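Visitor: kindly return the folded structure for what I paste below:
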Amino acid sequence: MIRKLFVLLETGVILAGLLLGLAFWQQNSALQQPLKLTQEQLLDVPLGSSPTGVLNRLEADGVIKDAFLLRLYWRFNLSGQPLHSGEYRMTPGMTAKSLLTLWEKGEVVQYSLTLVEGWTFRQVRAALGKQPKLEQTLSNLSDSEVMAKLGHPNVFPEGRFFPDTYRYVRGMTDAELLKQAYNRLDAVLQEEWDKRAADVPYADPYQALIMASLVEKETGVPQERGEIAGVFVRRLQKGMLLQTDPTVIYGLGERYNGKITRAFLKEATPYNTYVISGLPPTPIAMVGREAIHAAMHPVAGSSLYFVARGDGSHVFSDDLDAHNAAVKAFQLKRRADYRSSPAPVAPTPAVEAAPATEKPATDTAPVPESAEPQSSEMPPVEQKAPEPEAAEPANAPTDSSDKIEKKGEQSPQ
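Guide: Just a heads-up that it's a prediction; the model follows:
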């Protein structure tokens, strides 16, 4: 009797071993099966998906078989491992085990968006809107509504986002990416503010950010940022007008068509630094760390003027006579390949203009420059733009840096 029991027990153990071996073989075969693909595909795993649901979907689509065995493998070997949402790249020849390994590591496909120094918020919104893998949640909102959704109500958006390359995955929202850029700008601005030069004339970091945006828009050669900041700071300290053309362009908004007229230079918009004293009320573009650093550490010197050579660099002058000589040399006879700054960024599609009430200083929403303005080099001058000659229409185009100022026409500032 006892002998029979031992034989039965022994037989049972052998059968169990055979069954376990068969199950292991079947599961290993399921894991090693190649995905039935003829070309690369992206597997979309929405937020909240489970391995069971995704494996069943793949089996229904004919990409894998034996989904049950793969589900058992995940349950017993990767219990508690979350399945990250996003897209997973599946390629011909990939095995089911390799796919599960991607899930285990969360190796989702990443995309990138680069926000460029000098862009306006309008350009940022347009770039976000062209990212099909981002979930678009801001498209129908005004600028003020966007800022409220980001958790910063009553904050003017211009210049408040850091230019950088941001990576995202399918299903991430445009608001989430913008929050990253906003927080990054805040962090960089505070870091640079804490290390600022002792004598900079800013009441707070925001004023420094405004100055940095002027430096960003005026700089064609990176190493000149500090010197350009120095010119602006000295003009502020002497009570001189900044007279920088990018602020005129920003204040014109949609009316700017690539030309600055003498009438525009005299127009009293809140951003026209040929008319207003001190800094404009807000930044006029996004700025990188280098421009922020330059604004916080302006190069010491005595220059009060600069004019573009035509290759992106500038001639800096201490007095009006030297400045006028530089204008004659580099502006009145321009070279064929003249540039006052780097090549302009390709224009982006327009997005919804912000209502006038959300812009603290002007009722015209700015637009990205569609072409390089002839006057972007900004030669700060000590007098207002001269009146046009009688035969010249009041809105005739002019490049402010092409004018040689006459001392007799100076008006006190």
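Visitor: list the buried residues of stretch 213-223.
Guide: 213-220 (16 or more other C-beta atoms under 10 Å). Every residue, glycine included, has its C-beta placed from N, CA and C.
Visitor: could you export these as JSON lines, including secondary structure, pLDDT and distance to A30?
Guide: Compiled in JSON lines, those are given as follows (DSSP: H, G, I helix; E, B strand; the rest coil; pLDDT from 0 to 100; distance: C-beta to C-beta, whole Å):
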{"residue": "S213", "secondary structure": "helix", "pLDDT": "98", "distance to A30": "59"}
{"residue": "L214", "secondary structure": "helix", "pLDDT": "97", "distance to A30": "64"}
{"residue": "V215", "secondary structure": "helix", "pLDDT": "97", "distance to A30": "62"}
{"residue": "E216", "secondary structure": "helix", "pLDDT": "96", "distance to A30": "57"}
{"residue": "K217", "secondary structure": "helix", "pLDDT": "95", "distance to A30": "60"}
{"residue": "E218", "secondary structure": "helix", "pLDDT": "92", "distance to A30": "64"}
{"residue": "T219", "secondary structure": "coil", "pLDDT": "89", "distance to A30": "61"}
{"residue": "G220", "secondary structure": "coil", "pLDDT": "83", "distance to A30": "62"}
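Visitor: Throw those residues into a markdown table and include distance to Y111, thanks.
Guide: Compiled in a markdown table, those are given as follows (distance: C-beta to C-beta, whole Å):
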| residue | distance to Y111 |
| --- | --- |
| S213 | 28 |
| L214 | 33 |
| V215 | 31 |
| E216 | 26 |
| K217 | 29 |
| E218 | 33 |
| T219 | 30 |
| G220 | 31 |
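Visitor: centre of the chain to the strand or helix carrying A263, how far?
Guide: Of the helices and strands defined by DSSP states H and E, A263 is found in helix 262-266. Put simply, helix 262-266 sits 31 Å off its chain's centre (C-alpha atoms, centre = their mean, to the nearest Å).
Visitor: buried stuff in stretch 294-304?
Guide: Of all the residues in stretch 294-304, those buried under the rule 16+ other C-beta under 10 Å are 294-299, 303-304.
Visitor: ok, F232 - contacts?
Guide: Applying C-beta atoms under 8 Å, 6 or more residues apart in numbering, we find F232 in contact with 211, 214-215, 242, 244, 298, 380.
Visitor: out of the residues you listed, which is nearest to L72?
Guide: The shortest approach to L72 among these belongs to V215, at 62.3 Å (C-beta to C-beta).
Visitor: my guess is that closest one contacts A295, does it?
Guide: Yes - V215 is within contact range of A295, at 5.7 Å (criterion: C-beta atoms under 8 Å).
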